[in-house]
Each structure stands twice: as structure tokens, then as C-alpha cells.
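Enquirer: got a predicted structure here, sequence first:
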Amino acid sequence: MPYLFVVLTFVGVSTFIIWKVVAQSRQSAANLQALAQKLGLEYRQQKFGLFDTVGAATGKLMEREVGFHQFTTGSGKTEQKWCAVSVFPKETGRLTFNLHQQGWVSKLEALFGAREATVGDEAFDKTWFLQTNEPEFLGAALVPEIREKLMAAQAAGGLAVHFRLEKGTVRYAELGDFSSDSACARLEQMLPVLYDLADIAEVAAARDL
């Protein structure tokens with residue numbers, strides 16, 4: 001009897017975990033599809049077994065290509081799921097940046113030699129850890145209006161949020177997935193500041209010519 005109880009418990013827990021993953025995957029797909037329809041973007045999805053895998057919502061919005069998608073980092077026990085929205089500047093040059101919240105991760109980065117850039121705004125510099133290959137240019141480009149939007153983004157409640165410019169893309173990402181209604185709304189709200197950052201990338205690119 002004790003052995004049978006252990007087996008039944010294991011089967012029950014495993015079934016619940018599978019059901020939860022399937023339900024979360026389907027909810028993520030449904031939310032992303034609804035977001036695509038709302039913004040007039042194209043939604044692409046692939047089905048894998050029981051899972052309605054989350055694809056991507058992409059298209060042109062306010063004369064720029066944008067995309068909503070998920071990705072993972074790490075593997076096994078360290079794997080983390082992220083949801084993201086990207087804006088593609090028309091041109092990018094040498095400028096790169098990674099802007100994320102101050103915390104134990106940024107302290108660890110600094111310990112291992114990461115160089116932090118500052119903009120001279122005490123509240124902003126205490127909130128954000130900025131890495132860039134052009135600190136003087138970016139410090140000047142992050143005018144008070146853009147810094148205010150970034151501070152609002154940090155206060156919006158996402159987990160481990162960061163803004164990044166690399167490989168021709170300006171991206172906002174946070175821990176989680178599109179099964180969260182609040183995350184979907186938050187990512188949509190990040191578009192204005194991503195457009196500002198894309199403008200900065202294009203100015204930097206024009207300067208590089």
C-alpha cells in the first residue's frame with residue numbers, strides 16, 4: 001500500500017505539472033495572438049504535440065518593424081523564460097548598450113570587471129546599470145524626457161527588466177511569458193521608449209557615416 005500510494009502520488013503530480021504547462025502554453029499563445037490582432041501585426045505559431053507553442057507577433061507599426069516574442073536563457077535548473085518586444089531601427093552603427101536594474105546582478109558584473117556608465121542624474125544612475133561602448137554620446141542622448149520614460153518602465157513592475165541595443169535591434173525584455181495579462185500590457189506600453197531608443201540608434205548610425 002505505501003508503494004502504491006507513492007506511485008499514485010507521483011503520477012498525480014506529474015499529470016498536474018503537464019496540465020499546467022500545457023494550459024500556460026495555450027494561454028501564452030492566445031494572449032500573443034490577441035495582442036497581434038489589437039496592434040495589426042501578423043501572428044505566426046507552430047503546434048508541437050499537446051503544446052500550442054508561442055510564436056511571434058511581427059509587422060510594421062508607426063513606420064518601424066516591431067516584434068513580440070519569447071526566448072530562454074540557461075538550461076536545466078538555470079533555464080529562465082523571457083518575454084520581449086523589439087523595435088528595429090532603420091539604421092544602426094557602432095553604438096551598443098545594455099540597460100538593466102541595479103541589484104545583486106549588477107554588483108556581480110562590476111565585481112567581474114563590467115564598466116558602468118552614468119548620465120549624471122543621481123536618481124537614474126541609482127536605478128539603472130548602464131553598459132555602453134559610447135558612454136559620452138549615450139549619456140547626452142538620454143535626455144530628461146527619455147530618462148523619465150525609463151524610470152516609469154522600471155516602476156511598472158516587471159521582473160529583471162532590461163533594454164538592449166545589439167545586432168540591429170532595440171529590445172525590452174523581462175522574466176516571464178505571455179500567459180500573464182499584465183506582462184502583455186506592460187510590453188505594449190514599452191513601445192514609446194523603444195522608439196525613442198531606436199531614434200538614438202539611428203542618430204548614432206548617421207554620425208558613423
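Expert: Ah, there it is.

Enquirer: hey, what's the residue nearest in space to the middle of the chain bridged with?
Expert: Nearest residue to the geometric centre of the chain (Cα atoms, centre = their mean): Ala173, 0.9 Å. Counting by DSSP bridges, Ala173 is bridged to Ala84, His162.

Enquirer: for Leu61, same thing?
Expert: Following DSSP bridges, Leu61 is listed with bridge partners Arg64.

Enquirer: any idea how far it is from Gln37?
Expert: Separation of Leu61 from Gln37 (Cβ to Cβ, to the nearest Å): 13 Å. Using the backbone N, CA and C atoms, a C-beta is placed for each residue, glycine as well.

Enquirer: please identify every residue contacting each of those two.
Expert: Shared contacts of Leu61 and Gln37, defined by Cβ atoms under 8 Å, 6 or more residues apart in numbering, are absent.

Enquirer: assess the claim that Cys83 and Ala183 are in contact.
Expert: Yes. With contact defined as Cβ atoms under 8 Å, Cys83 reaches Ala183; the gap is 5.6 Å.

Enquirer: these two: which is more packed in?
Expert: Cys83 (26 against 20; other Cβ atoms under 10 Å).

Enquirer: so who does Thr73 touch?
Expert: 79-80, 82.

Enquirer: just the buried subset of these, please.
Expert: Buried by 16 or more other Cβ atoms under 10 Å: Trp82, out of those.

Enquirer: for Asp196, see how far away the residue lying closest to Asn31 once chain neighbours are set aside is.
Expert: Counting by Cβ to Cβ, 6 or more residues apart in numbering, Asn31 lies nearest to Phe178, which is 4.6 Å off, once chain neighbours are set aside. Phe178 is 24 Å from Asp196, where distance means Cβ to Cβ.

Enquirer: more neighbours, these two?
Expert: Phe178 (25 against 19).

Enquirer: so which elements touch the helix or strand hosting Arg164?
Expert: Using DSSP states H and E, Arg164 sits within strand 162-166. On a contact count with 3 or more Cβ pairs under 8 Å, 6 or more residues apart in numbering; DSSP states H and E, strand 162-166 meets strand 97-101, strand 169-175, helix 191-208.

Enquirer: deepest-packed of these, please.
Expert: Ranked by mean neighbour count, the helices and strands packed on strand 162-166 are led by strand 169-175 with a mean of 21 (mean count of other Cβ atoms under 10 Å).

Enquirer: before we move on, back to that, more neighbours, Leu61 and Gln37?
Expert: Counted by other Cβ under 10 Å, Leu61 and Gln37 do not tie: Leu61 has more neighbours, with 15 against 11.

Enquirer: the more buried one and Glu145: what is the separation?
Expert: In terms of Cβ to Cβ, Leu61 sits 21 Å off from Glu145.

Enquirer: ranges for the helices of this protein?
Expert: Listed in chain order, the helices of the chain (DSSP state H) span 2-39, 104-111, 122-127, 135-141, 144-155, 181-189, 191-208.
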